[in-house]
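Asks: give me the fold of what follows.
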Amino acid sequence: MIEEQTKGGLDFGALRSAIEDKDPDALLGFYAEDAELRVVNAALPDGPAFELRGRAQIERYLRAVCDQQMSCLLEGEVVSGEGRITFGQWCAYPEGGPVSVETTLEVSVSRMVRQTDVVQSARRDYGSER
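Replies: Numbers count the residues shown, from 1 in each chain. Have a look, this model is predicted:
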């Protein structure tokens, strides 16, 4: 498990809570003013990415995502080093398939300056066959 305070000064425990609580205001506080966010479809790694630049664009995106009826949990190993943090998220929607997201953050002076999310549809074994 990662230390709650990363080498870049980011409070990962608070970030985890903001993600899992779907709190756009708390999430926005982690981004630098000139941050970049990039979302890539894992099935099309060379395809077009969804890209946002600056906190104003990222804020609109976060509010839209957090407003969705879904649950998100951070799962698996969290890797931290040299201003970079990588972790996995599992998002479940009431009417639709689950989605897994591999997130890589670049951190400078306790703020996220760049985020890349690789999104893919996921299957999870809930102990029963469909």
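Asks: quick one: low-confidence parts of the protein?
Replies: 1-8, 123-130 (pLDDT under 70).
Asks: ok, which stretches of it are strands?
Replies: All strands of the chain, identified by DSSP state E, fall at 31-41, 50-53, 71-81, 84-92, 99-108, 111-121.
Asks: which helix is the longest one in the protein?
Replies: Counting by DSSP state H, the longest helix found in the chain is helix 55-66.
Asks: any idea how far the most centrally placed residue in the chain is from Arg38?
Replies: Among the residues of the chain, the one closest to the centroid is Thr103, at 5.0 Å (CA atoms, centre = their mean). From Thr103 over to Arg38 the distance is 11 Å, taken as CB to CB, to the nearest Å. For glycine as for every other residue, the C-beta is placed from the backbone atoms N, C-alpha and C.
Asks: which neighbours do the two have in common?
Replies: 115-117 (CB atoms under 8 Å, 6 or more residues apart in numbering).
Asks: Ser110 touches Ala14, doesn't it?
Replies: No - contact criterion CB atoms under 8 Å: Ser110 and Ala14 do not qualify, at 10.7 Å.
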